[in-house]
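Participant: sequence? don't have it. structure:
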């Protein structure tokens, strides 16, 4: 079989693939630090050269920040866009690294061989797994697999300030039938997974203001309203005893989880006791009628992230504060609109304010959830390919956090994305001594070969 020939080629050329990854890892492409601007451009140029060597029409595109790399190969079949990012996090604190973070090395550990360097897992090792799959494919077939666009960003680790304008300006070129994103990981380090839903986020800071200055509690206590008392009373009612959010209309746009997906999640054998136990907790605190995986992947939340007011220094100062402050965030799912949720929350607070209290709203912002259309046959095809490679059933999973690029592809390019990655929980991304398991890099390449074999033709 031709597929077997490509996989055999991947196995035979793994040392050369590792050498290429090491070369990219040596470039300190730290996007958030202006001192490394030239290195970010150098990383983009390195990728352009590698993509051109593979047969792509590749260019480095200037932005107000760091370059975008865009590469194109026209071929038969559906148009597939692959996304990754070549920039990396800063390395501080440097003294906690066991070696130079930009001097990559293969190391033996009790769990196997790892590639140790900044960016090894997030995201250079992951994006190179796709490029190496294309390389092995071309070595065997003589051409690249299908109708491909490669899109590599250089500002993901610094907030992606140039991304949305770039997507808008280049929508016709970048729009595809499906996007592939390699910036996630295996479920519980073993199970291959495709992320099909990502929670959105809405957040706001606000102030309750009462008197025009802090008041002496002996002179004014009992007669003057205390905004901290008002705020804690209101926020204390944000959830009921069953963990449900009490803001009117909060669940109006929340869809039920499909039974087929719920059954898959149940089959994952998620150990919530260990999940919570690792951080010193024991009992799930969300909606009482939902499983822990549902709570963190497919249900919305309302969280108090900060609460303050009055005197908080050393000793004691008996004042009634003039102001009380809070930071509140909502993780959103399904069709929840961040603007609608924040307005409903503001109305809910306002309706409960007593006389002499004013609400001051600071910088509300948000982004919607992303829910992929898994009826697209490519999703089942990719799941079957991952199952074949890893020898255990691959799963459609959710993600409790937010990965903005998937939402941007949906919003600005009107396309779904499959988020497939091969990182492990102990990769220490964003931390000292980041690593990427050699086995994950190797099987990641093989996985992409299998996926491309099923969906690119």
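Facilitator: Arrived safely. These figures come from a predicted structure and were not determined experimentally.

Participant: First-to-last residue distance for stretch 60-78?
Facilitator: One end of stretch 60-78 to the other measures 24 Å (C-alpha to C-alpha, to the nearest Å).

Participant: swap in stretch 78-98?
Facilitator: End-to-end distance of stretch 78-98 (C-alpha to C-alpha): 45 Å.

Participant: Distance from that stretch to the middle of the chain?
Facilitator: From the chain centre to the centre of stretch 78-98 is a distance of 13 Å (C-alpha atoms, centre = their mean, to the nearest Å).

Participant: what comes up buried for it?
Facilitator: Buried residues in stretch 78-98, counted by 16 or more other C-beta atoms under 10 Å: 79-91, 97. For every residue, glycine as well, the C-beta is placed using N, CA and C.

Participant: Which two of those have the greatest separation?
Facilitator: Pairwise distances across the buried residues of stretch 78-98 peak at 41.3 Å for 79 and 97 (criterion: C-beta to C-beta).

Participant: for the buried residues of stretch 78-98, which one is nearest residue 441?
Facilitator: residue 84 (13.6 Å).

Participant: Quickly note the distance from the closest one to residue 376.
Facilitator: 21 Å (C-beta to C-beta, to the nearest Å).

Participant: can you check residue 334 too?
Facilitator: 18 Å.

Participant: what about residue 150, how many residues close to it?
Facilitator: 24 (other C-beta atoms under 10 Å).

Participant: Checking it next. Helix, strand or coil?
Facilitator: Secondary structure state of residue 150, per DSSP: H, G, I helix; E, B strand; the rest coil, is strand.

Participant: is it true that it touches residue 80?
Facilitator: No - in this structure residue 150 lies outside contact range of residue 80 using C-beta atoms under 8 Å: 9.8 Å.

Participant: Overlap of the contact sets of those two?
Facilitator: Jointly contacting residue 150 and residue 80 under the rule C-beta atoms under 8 Å, 6 or more residues apart in numbering is no residue at all.

Participant: Not counting its neighbours along the chain, what's nearest residue 218?
Facilitator: residue 318 (6.8 Å; C-beta to C-beta, 6 or more residues apart in numbering).

Participant: dump the residue contacts of the one you found.
Facilitator: 216-218.

Participant: Report the buried members of those.
Facilitator: residue 217.

Participant: which phi and psi does the spatially most central residue of the chain have?
Facilitator: In the chain, the centroid-proximal residue (C-alpha atoms, centre = their mean) is residue 403; its distance is 3.1 Å. The phi/psi pair for residue 403 (degrees, to the nearest 10) reads phi -120, psi 100.

Participant: contacting residues around it?
Facilitator: Residue 403 touches 181, 183-184, 195, 198, 370, 419, counting by C-beta under 8 Å, 6+ apart.

Participant: Residue 73 too?
Facilitator: Taking C-beta under 8 Å, 6+ apart as the criterion, residue 73 is in contact with 55-57, 144, 147-149.

Participant: can we see that at 7 Å?
Facilitator: Contacts for residue 73 (C-beta atoms under 7 Å, 6 or more residues apart in numbering) come out as 55-56, 144, 148.

Participant: roughly how far apart are it and residue 82?
Facilitator: 11 Å.

Participant: Quickly list what's touching both of those two.
Facilitator: In contact with both residue 73 and residue 82: residue 148, using C-beta under 7 Å, 6+ apart.

Participant: which residues of the stretch 251-400 of the chain fall in helices?
Facilitator: Taking DSSP state H, counting those that start in this stretch to define them, one finds helices in the stretch 251-400 of the chain at 259-266, 272-277, 292-297, 338-350, 377-390.

Participant: Quick one: residues in contact with the third one.
Facilitator: It refers to helix 292-297. Here helix 292-297 makes contact (C-beta under 7 Å, 6+ apart) with 197, 257, 265, 270, 272, 275, 284, 286-287, 397-400.

Participant: Go through the residues you listed and name the one nearest residue 154.
Facilitator: Distance to residue 154 across the contacts of helix 292-297 (C-beta to C-beta) is lowest for residue 399, with 23.2 Å.

Participant: beta partners for the closest one?
Facilitator: Going by DSSP bridges, residue 399 is paired in beta bridges with residue 198.

Participant: Tell me who's in contact with it.
Facilitator: By C-beta under 7 Å, 6+ apart, the neighbours of residue 399 are 195, 198-199, 297.

Participant: now do residue 43
Facilitator: Applying C-beta under 7 Å, 6+ apart, the residues contacting residue 43 are 24, 27, 29, 86.

Participant: swap the cut-off to 10 Å and go again
Facilitator: Shown in contact with residue 43 (C-beta atoms under 10 Å, 6 or more residues apart in numbering): 24-29, 31, 36, 60, 66-67, 69, 86-88, 119, 124, 152, 154.

Participant: Max pairwise distance over the contacts of residue 403: which two?
Facilitator: Largest pairwise distance in these, by C-beta to C-beta, is 13.6 Å, between 183 and 370.

Participant: Now for the two: what residues contact both?
Facilitator: With C-beta under 10 Å, 6+ apart as the test, residue 183 and residue 370 both reach 195, 403, 405-406, 419.

Participant: export these to CSV and tack on distance to residue 339, pLDDT and secondary structure?
Facilitator: Shown next, in CSV, are the shared contacts of residue 183 and residue 370 (distance: C-beta to C-beta, whole Å; pLDDT from 0 to 100; DSSP: H, G, I helix; E, B strand; the rest coil):
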residue, distance to residue 339, pLDDT, secondary structure
195, 25, 95, strand
403, 21, 82, coil
405, 21, 92, helix
406, 20, 91, helix
419, 25, 97, strand
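
Participant: which of the residues you listed tops the neighbour count?
Facilitator: Going by other C-beta under 10 Å, residue 406 tops the shared contacts of residue 183 and residue 370 with 28 neighbours.
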